[in-house]
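*Asks:* Just need the structure, nothing else, for what follows:
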Amino acid sequence: MSNFGSDAHEGREATYRDFELALLVATKKISPREFQDLAFAELGIDRIAPSREGI
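*Replies:* Got it, this is the predicted structure:
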């Protein structure tokens, strides 16, 4: 929730999808990792390949 507040302070309004993902992770219907995967995918950002993590 604090991220939503910070974003609002900067002039960004949360979308329905933002709230949907936050609700899913808060109610443990998806894991934090799944949340990150979905969020990155929606932004078109590729995750670091597992063999390169930690570099």
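*Asks:* Run through the residues that contact Leu21.
*Replies:* Contact analysis of Leu21 by CB atoms under 8 Å, 6 or more residues apart in numbering lists Ile30, Phe35, Leu38, Ala39. (Glycine included, C-beta is placed from N, CA and C.)
*Asks:* Show me which of those has the smallest pLDDT value.
*Replies:* Note: of these, the lowest pLDDT belongs to Ala39, at 83.
*Asks:* what's the neighbour count on that residue?
*Replies:* 15 (other CB atoms under 10 Å).
*Asks:* ditto for Lys29
*Replies:* 10.
*Asks:* What helix or strand is it located in?
*Replies:* Under DSSP states H and E, no helix or strand contains Lys29.
*Asks:* I'd like the distance between it and Gly44.
*Replies:* 24 Å (CB to CB, to the nearest Å).
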